[in-house]
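1. Just need the structure, nothing else, for what follows:
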Amino acid sequence: MQHILNQVLSTMNYDPQNPLLFNSTFFLFFFIVVILFYPLLANRYQTRTWYLLIASLYFYFKTSGLFVCLLLITAAVNFYLGHAIYKSKKQASKRAWLMCSLIWNLGTLGYYKYTNFIIETINQISGGSLPAMDIFLPVGISFFTFQTWSYTLDVYFGKLKPIHSFKDFAFFVSFFPQLVAGPIVRASYFIPQINREIHLDKDTISRALVLIFAGLLKKGIIADYLSVNFVDRVFDNPMLFSGMENLFGVYAYALQIYCDFSGYSDIAIGLAALLGFDLPINFNSPYKAHSITDFWRRWHISLSSWLRDYLYIPLGGNRKGKIRQHMNLMTTMLLGGLWHGASWNFVFWGGMHGVALVLDKAWINTKLAKNRVIQIFSTIITFHFVCFSWIFFRSNSFENSLNIIKRITTSFNAALFSQWINEYSVIAFLIVIGFLAHWQPDSWEKHYQRFLYKLPLPLQSLLMSLVIWLLFQARSADIQPFIYFQF
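-> Presented below is the predicted three-dimensional model:
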C-alpha cells in the first residue's frame, strides 16, 4: 500500500523529464478530475475562480516546477504596477512606472531566454570563450510575459482600468488551457468573463469537441508522426538526403508546425469552452493566404496583433510616411523573429518576412493584386515563400539552412520519387491529407460541428475514445512536446 501511495505521489510531482502535455495520459486524468467537480461550482463565481486558479497553478507546476513562483511574481508585479500607473497624476510618473514594467518583463524574459545567446554572440564577435550559463527556460515564459505586459500597457494607454482583485488577475494570467503556448489573451477580453454566469449549451459543447478532436489529430497523429519519422531526419542531416527529399522535408515541416501549433490552440480553445470561457481564434487557414500581409492576419493571430498594437503602432505605424512605415515593419518583424528564439536564424527569418511585408505594401493596393486569377498565383507564391522561410526557422544552424537549399537546387534527383513513395508511404499520405484538410472550404467545419451536435452523448464519448485510441496507436515511444513550448 505504501509503495502504491509513493507511486501516486511521484506521478503527482513535477518531473523535468516528463512535463505535463495536453496529449499525455496524465493530462487526460487531470482534466477529467477538473471537469468532474466543475458543475458543482460552475456558477458560484468566487469558488469557481479559486478552483480553476489552483488547478491552473498546479498545471504550470507540472510543466515547469517551482517556476510557478516566477509566474505569480510576474503577475503581482504587473498587477501593482498597473494600479500605480493608473493612480499617477503626472505623465512623468506614469512613464516611470511603465519603465519599471518594461524593465521587469523584458529583464526576466531576457535573462531566461537570451543570456546565453548574448554570451555566444559576444564570443563570436570577440573570439572570446565566455562560458554559457546553466539556465532553465520556463515553459511558455514568452506567452505569459506578453500577456501580463499587455495589461500594464493597456492601463498606460488608457484602454483599460486596473483590476481590483489580484485573485482574478492571477487567474487571467495562469488559466491553464492557454497558459504555455497561447493564444495570448488580453485582459480586456478575458477579465469580463470571470464573474459572469456560465451557460453550456449543446452547440458550445459540439464546437468544443470538434476543436479538441481536430487539435489532437493534428498534433498527435500528423505533427508528431511527420516530426519523428521524416522531418527531424532531414533537417538534422540534409546532406544525407536528395534534393527531392529535402524539398518534401520542407513541405512536411510546414505542415508539422501548423498542425502542432494550431493543434495546441484548437485544444486550448476547446478546453476553455468546456469550462465556459471564450478564447480568441489563433489560426485561420494561414496557407490559404494570398499575400504575406494576409498570412500574418491568419498565422498566430494573437501574437501578430500584439506586435501590431504594442510595437508597430507605438513606433509610428504607417502614420509617418512610407520610409518610416517600412522601418517600423522591419523592426517589428526582426523583434518578432527574436521573440521566437535566441538564434540568428530566427532573426533572419523575421527579417525575411519584414522585407516581404515591405514589398507587399507596394503591391497589395494595385489593380492586379485584386484580380481573382492573380490571387491564385499569389497564394501559391506566398505559400512557397513561407515554406522557404521555414527552412531558416527550423534548421539548427545557418549552415544547415544553406545545405538544404543547396541540395534542393543542385541535387534534386526526381528519379527517386517512386522509391521515396514506397519507403515513406505513410509520410506522403499524411502530407497529402494534411494539406487537403487545410485547404478544405471553411463551411465544412460547420458540417462537422452539426454532425457532432446531432450525435447522442454516448456516441460523442465513443468518438472521443476513438480519437484517444488513435493517438496511442500512432504516437512514438516518447510524447513529443509542442514546438511553441520553447518560446
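
2. roughly how far out does stretch 321-340 sit from the chain middle?
-> Chain-centre distance of stretch 321-340: 20 Å, with Cα atoms, centre = their mean, to the nearest Å.

3. With stretch 335-354 instead?
-> Taking mean C-alpha positions (Cα atoms, centre = their mean), stretch 335-354 and its chain are 15 Å apart.

4. next one: stretch 241-256
-> Distance, centroid of stretch 241-256 to centroid of chain: 22 Å (Cα atoms, centre = their mean).

5. start the count at 493, not 1, going forward
-> Right, with 493 as the first residue, what we last looked at is stretch 733-748.

6. who's in contact with that stretch?
-> Applying Cβ atoms under 8 Å, 6 or more residues apart in numbering, the contact partners of stretch 733-748 are 714-715, 718-719, 722-723, 725-727, 730, 779, 875, 878-880, 882-883, 886, 896, 899-906, 908-909, 912, 916, 919-920, 922-923, 926-927, 930, 975. Just so you know, the C-beta spots here come from the backbone N, C-alpha and C atoms, and that holds for glycine as well.

7. tell me the mean pLDDT over it?
-> The average pLDDT within stretch 733-748 is 94.

8. Val560 is in contact with Tyr506, correct?
-> No. The pair Tyr506 / Val560 is not scored as a contact, 9.1 Å apart, by Cβ atoms under 8 Å.

9. of those two, who's got more company?
-> When Tyr506 is set against Val560 and neighbours are counted by other Cβ atoms under 10 Å, the residue ahead is Val560, at 20 against 17.

10. Remind me which helix or strand that one belongs to.
-> helix 560-579 (DSSP states H and E).

11. which residues of the chain fall in strands?
-> Assigned by DSSP state E, the chain shows no strands.

12. so where's it shaky on pLDDT?
-> Applying pLDDT under 70 to the chain flags the ranges 493-504, 507-509, 514-515, 937, 940-941, 944-945, 949, 952-953, 956-979.

13. Name the single longest helix found in it.
-> Longest helix in the chain by number of residues (criterion: DSSP state H): helix 583-618.

14. Buried residues of that one, list them for me.
-> Neighbour-count burial for helix 583-618 flags 586, 589-590, 592-593, 596-597, 600-601, 604-606, 608-609, 611 (criterion: 16 or more other Cβ atoms under 10 Å).

15. Now do the phi/psi pair for the spatially most central residue of the chain.
-> By Cα atoms, centre = their mean, the mean C-alpha position of the chain lies nearest to Ala673, the distance being 4.5 Å. Backbone dihedrals for Ala673, given as degrees, to the nearest 10, come out at phi -150, psi 30.

16. distance of it from Asp758?
-> Here the criterion is Cβ to Cβ, to the nearest Å. By it, Ala673 lies 12 Å from Asp758.

17. re the thing from before, surely the residue nearest to the centre of the chain meets Ser754?
-> No. Look at Ala673 against Ser754 with Cβ under 8 Å: they stay out of range, at 10.7 Å.

18. who touches both of these two?
-> Listed contacts common to Ala673 and Ser754 are nil; contacts here mean Cβ under 8 Å, 6+ apart.

19. So the chain: which segments form each domain?
-> 515-686, 694-783+856-978 (automatic domain parsing).

20. And those domains: which comes nearest Thr823?
-> Closest approach to Thr823 among these (Cβ to Cβ): domain 515-686, 15.2 Å.

21. how about the nearest residue to Lys605 once chain neighbours are set aside, what does it touch?
-> Closest residue in space to Lys605, ignoring its immediate chain neighbours: Ala834 at 5.7 Å, by Cβ to Cβ, 6 or more residues apart in numbering. Contact analysis of Ala834 by Cβ under 8 Å, 6+ apart lists Lys605, Tyr606, Asn608, Phe609.

22. So of those, which two are at opposite extremes in space?
-> With Cβ to Cβ as the measure, no two of these lie farther apart than Lys605 and Asn608, at 8.9 Å.

23. what sits against Asn905?
-> Asn905 touches Ser734, Gly735, Met736, counting by Cβ under 8 Å, 6+ apart.

24. One more pass at 10 Å, please.
-> Neighbouring residues of Asn905 by Cβ atoms under 10 Å, 6 or more residues apart in numbering: Phe733, Ser734, Gly735, Met736, Glu737, Arg899, Gln911, Trp912.

25. And it, how close does it get to Gly828?
-> 36 Å.

26. cool, and Phe636?
-> Using Cβ to Cβ, we find Phe636 at a distance of 18 Å from Gly828.

27. before we move on, what about Arg540?
-> From Arg540 to Gly828 the distance is 36 Å (Cβ to Cβ).

28. swap in Phe571?
-> According to Cβ to Cβ, Phe571 stands 27 Å off from Gly828.

29. go on, Gly842?
-> Noted for Gly842: a distance of 5 Å to Gly828, by Cβ to Cβ.

30. same deal with Val723?
-> From Val723 across to Gly828, the span is 23 Å (Cβ to Cβ).

31. do the same with Ile704
-> Applying Cβ to Cβ, the value for Ile704 to Gly828 is 29 Å.

32. In contact with the closest residue in space to Phe553 that isn't next to it in sequence: list those residues for me.
-> Nearest residue to Phe553, sequence neighbours excluded (Cβ to Cβ, 6+ apart): Val560, at 4.6 Å. By Cβ under 10 Å, 6+ apart, Val560 lies in contact with Tyr506, Ser548, Leu549, Tyr550, Phe551, Tyr552, Phe553, Lys554, Pro630, Ser666.

33. so which of those residues is the most crowded?
-> That'd be Tyr552 among the contacts of Val560, by other Cβ under 10 Å, with 26 neighbours.

34. you'd agree Arg688 is up against Thr541?
-> No. Judged on Cβ atoms under 10 Å, Arg688 makes no contact with Thr541 at a distance of 11.4 Å.
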